[in-house]
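Peer 1: Predicted structure and sequence below. I'll ask about it afterward.
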Amino acid sequence: MPIYEYKAYGSGGGVKVGVVDADTPREARSRLRRENLLVSELAELKGGSRQRVAGPNGAKGKVKTPWLAQLKKLRASPQGPSGKDAETITAITRQLGTLLGAGIPLAEALRAVIEQAETRRYETLFRELRERITQGASLGDALAEHPAYFSELYVNMVRAGEATGKVDQVLRRLAEFMQAQRALQRKVISALTYPAMMIGLGILVVSVLMTVVVPKITGMLEDMRQTIPLPTRILIEISNGFKDYWWLGCLGIAAISFTIERIYRTPKGRLSIDRLKLKTPMVGDLIRKAAVARFTRTLSTLLGSGVAAVQSLEVTRNVVGNAVIAEATDHVRTRILEGTDIATPLKATGVFPPVVGYMVAVGEKSGELEQMLDRIADAYDEEIEVVASRLTSVLEPIMIVFLAVVVGFIVYSIILPILQLSNVG
């Protein structure tokens with residue numbers, strides 16, 4: 001079995017050098033990772049000589065791929081990457097914060113991240129970042145060249161950390177923020193998924209009954225050559241409509257979706273639709289609470305990292321996810337430029353719940369605004385779970401009653417002519 005010599009950093013940032021037995025370099029890295037070691041260098045010992053092992057994706061030097069240039073041109077989301085990419089960036093951010101906090105130089109810390117990269121895409125990304133750093137660029141400027149991976153919020157926080165000499169603290173705070181945002185996103189998606197599934201199931205059941213089951217049964221009833229009762233005739237007409245004009249329904253849904261999407265692309269249209277979302281019973285309350293939680297946590301993270309209030313609000317308005325909240329944020333930002341505090345215009349917007357304005361005012365007076373914003377975000381995170389539970393408990397019986405009425409009507413309409421026939425007999 002090959003023997004590999006390694007240089008790695010422990011969870012506390014200390015350097016550790018040693019050897020490990022493994023069949024492949026990947027297995028060696030996996031073993032060291034399980035021991036909470038971040039590999040910086042790995043070399044196979046052959047006949048007493050030391051041969052450096054290629055990176056986890058076979059790259060020994062600078063890697064350039066044509067698709068990396070395409071990735072840079074991707075339309076970046078204001079919220080940053082999502083899904084697996086968000087989890088990866090969060091983990092790497094936390095690692096960088098730990099390494100820098102232990103006094104390890106930035107270029108060396110990035111080298112450790114490159115060695116630990118699990119995909120060629122991320123290895124290439126951080127090689128380019130490291131190259132820009134060694135050329136003299138700041139970390140913030142280097143990150144800004146990759147908007148598909150690092151949001152405006154991320155870049156601004158890092159730049160603020162560089163200005164104050166607290167990049168390690170900012171990175172750790174960023175990792176915590178990104179993790180909290182992911183948790184919030186999962187709560188909202190989870191809350192909306194179950195009702196959507198129930199509605200979809202209801203539509204599917206009704207469609208199958210009307211296009212498959214009912215036509216077969218009504219065909220038998222028509223063969224009886226007797227007067228068909230009104231409820232049964234209504235059922236037959238509805239079934240024929242489903243069977244003959246289903247394509248028209250699909251076309252209508254597609255046309256409506258396309259129209260709404262086009263309207264949503266315009267500033268006025270987006271504002272109107274987002275305002276309608278906030279007024280939707282139950283769901284609107286959930287959307288508002290999620291937007292407020294995102295607003296307060298983002299603002300707290302930026303202010304706590306040393307970003308100026310005006311710039312913090314400018315970044316925050318791009319990540320709240322609702323045009324109405326964003327417009328209110330612009331109003332607050334404008335008033336701050338005029339010399340007022342944050343709480344006064346926040347209350348005046350009428351968009352944020354009154355308690356948010358009062359708590360922000362208390363935070364400003366006590367000099368603990370960041371902590372107060374975090375408390376607001378935590379409180380609204382908990383309220384989101386309550387609203388989600390309430391939404392499910394309300395929609396579930398409504399869907400059950402709806403399906404019961406539909407199925408009951410179908411059964412009644414089918415049985416009615418049979419009962420009439422038996423009475424005649």
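Peer 2: Received, thanks. Small disclaimer: the values here were computed from a predicted structure and weren't measured.

Peer 1: got a list of what Val307 touches?
Peer 2: 156-157, 160, 315 (CB atoms under 8 Å, 6 or more residues apart in numbering). In this view, the C-beta of every residue, glycine as well, is placed from N, C-alpha and C.

Peer 1: so which helix or strand takes in it?
Peer 2: Val307 belongs to no helix or strand when assigned by DSSP states H and E.

Peer 1: what's the spacing between it and Thr164?
Peer 2: Note on Val307: its distance to Thr164, by CB to CB, to the nearest Å, is 10 Å.

Peer 1: And stretch 138-148, what's buried?
Peer 2: 138-140, 142-144, 146-148 (16 or more other CB atoms under 10 Å).

Peer 1: could I get those residues as JSON lines with distance to Arg233 and secondary structure?
Peer 2: Output for the buried residues of stretch 138-148, formatted as JSON lines (distance: CB to CB, whole Å; DSSP: H, G, I helix; E, B strand; the rest coil):
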{"residue": "Ser138", "distance to Arg233": "76", "secondary structure": "coil"}
{"residue": "Leu139", "distance to Arg233": "74", "secondary structure": "helix"}
{"residue": "Gly140", "distance to Arg233": "72", "secondary structure": "helix"}
{"residue": "Ala142", "distance to Arg233": "72", "secondary structure": "helix"}
{"residue": "Leu143", "distance to Arg233": "68", "secondary structure": "helix"}
{"residue": "Ala144", "distance to Arg233": "68", "secondary structure": "helix"}
{"residue": "His146", "distance to Arg233": "65", "secondary structure": "coil"}
{"residue": "Pro147", "distance to Arg233": "61", "secondary structure": "coil"}
{"residue": "Ala148", "distance to Arg233": "59", "secondary structure": "coil"}
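
Peer 1: Ala196: which of these is nearest?
Peer 2: Closest approach to Ala196 among the buried residues of stretch 138-148 (CB to CB): Ala148, at 28.5 Å.

Peer 1: Give me the pLDDT for the closest one.
Peer 2: pLDDT for Ala148: 86.

Peer 1: Averaged pLDDT, stretch 110-121. What do you get?
Peer 2: Stretch 110-121 shows a mean pLDDT of 83.

Peer 1: Repeat that for stretch 23-33.
Peer 2: Here the average pLDDT along stretch 23-33 is 77.

Peer 1: What ranges does this structure have for its strands?
Peer 2: 3-9, 15-21, 38-46, 49-52 (DSSP state E).

Peer 1: In the first one, which residues are buried?
Peer 2: In this case it means strand 3-9. Along strand 3-9, these residues count as buried under the neighbour rule (16+ other CB under 10 Å): 4-9.

Peer 1: Columns distance to Arg120 on top of those, output as CSV?
Peer 2: Formatted as CSV, those follow (distance: CB to CB, whole Å):
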residue, distance to Arg120
Tyr4, 21
Glu5, 24
Tyr6, 21
Lys7, 22
Ala8, 21
Tyr9, 23
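
Peer 1: I'd like the residues you listed laid out as JSON lines, including pLDDT and distance to Ser300.
Peer 2: Shown next, in JSON lines, are those (pLDDT from 0 to 100; distance: CB to CB, whole Å):
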{"residue": "Tyr4", "pLDDT": "75", "distance to Ser300": "44"}
{"residue": "Glu5", "pLDDT": "76", "distance to Ser300": "45"}
{"residue": "Tyr6", "pLDDT": "76", "distance to Ser300": "40"}
{"residue": "Lys7", "pLDDT": "74", "distance to Ser300": "38"}
{"residue": "Ala8", "pLDDT": "73", "distance to Ser300": "34"}
{"residue": "Tyr9", "pLDDT": "65", "distance to Ser300": "30"}
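
Peer 1: If we go by neighbour counts, what in stretch 121-136 is buried?
Peer 2: Quick answer for stretch 121-136 (16+ other CB under 10 Å): 121-130, 132-133.

Peer 1: same check, this time on stretch 154-169
Peer 2: By 16+ other CB under 10 Å, the buried positions in stretch 154-169 come out as 154-162, 166-169.

Peer 1: Not counting it itself, show me its contacts.
Peer 2: Counting by CB under 8 Å, 6+ apart, 80, 96-98, 100-101, 106, 138-140, 143-144, 170-171, 173-174, 301-302, 305-307, 311, 315 sit against stretch 154-169.
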